[in-house]
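Trainee: Whatever this is, show me its structure:
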Amino acid sequence: MINIPKDELIKTLILQDLKHCQLVYGLDQLHLDAGFRHFLGIMDLVRQLMEIPESEANPFYDTYSSFMQNCMNYPISSNGEELIPVAEECFLSLEKIQKNDFKTYPKQPVLLTG
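Mentor: As a prediction, this is how the structure comes out:
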């Protein structure tokens, strides 16, 4: 059995979803119509793992989606190292919602430069 802390699993899933969104959005920019047909459902899995109640689902989905939409502002690489801080920031934002403190957190992700 693999023993990975839940927080690390969630961050890894977010990172993989960011990388996948770069691919899907990149294909869309090339007019290859990847669109909504090829999403993996990771957002719902992350919500379940974080035990976000349905009553907080909308802020969760809005926040998660805003980070995914922002992924094209970062370089594309084979292992996604540029997206690691984005995945961390996304997780922290979602954690605020998990703790029912979403009203104090910015709705839009901050573009990290480094």
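Trainee: show me where this structure has helices.
Mentor: Secondary structure of the chain (DSSP state H): helices at 6-29, 42-49, 57-69, 84-98.
Trainee: pLDDT on the last one, on average?
Mentor: Spelled out, that is helix 84-98. Throughout helix 84-98, pLDDT has a mean value of 95.
Trainee: Report the distance from that helix to the chain centre.
Mentor: Mean C-alpha position of helix 84-98 versus that of the full chain (CA atoms, centre = their mean, to the nearest Å) differs by 8 Å.
Trainee: same deal with the shortest one?
Mentor: For helix 42-49, the separation from the chain centroid amounts to 10 Å (computed by CA atoms, centre = their mean).
Trainee: taking the helices of the chain together, which one is wrapped up most tightly?
Mentor: helix 84-98 (a mean of 19; mean count of other CB atoms under 10 Å). C-beta: built from backbone N, CA, C; applies to glycine.
Trainee: Output that helix as CSV, nothing but the C-alphas.
Mentor: Extracted in CSV, the C-alpha atoms of helix 84-98 (Å, rounded to 0.1, in the frame of the first residue of the first chain):
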residue,chain,number,x,y,z
ILE,A,84,4.2,23.6,-8.6
PRO,A,85,3.8,27.0,-6.9
VAL,A,86,0.4,27.4,-8.7
ALA,A,87,-0.8,24.0,-7.4
GLU,A,88,0.3,25.0,-3.9
GLU,A,89,-1.5,28.3,-4.2
CYS,A,90,-4.6,26.6,-5.5
PHE,A,91,-4.5,24.1,-2.6
LEU,A,92,-4.2,27.0,-0.1
SER,A,93,-7.2,28.7,-1.7
LEU,A,94,-9.2,25.6,-1.5
GLU,A,95,-8.2,24.9,2.0
LYS,A,96,-9.6,28.3,3.0
ILE,A,97,-13.0,27.2,1.5
GLN,A,98,-12.6,23.9,3.4
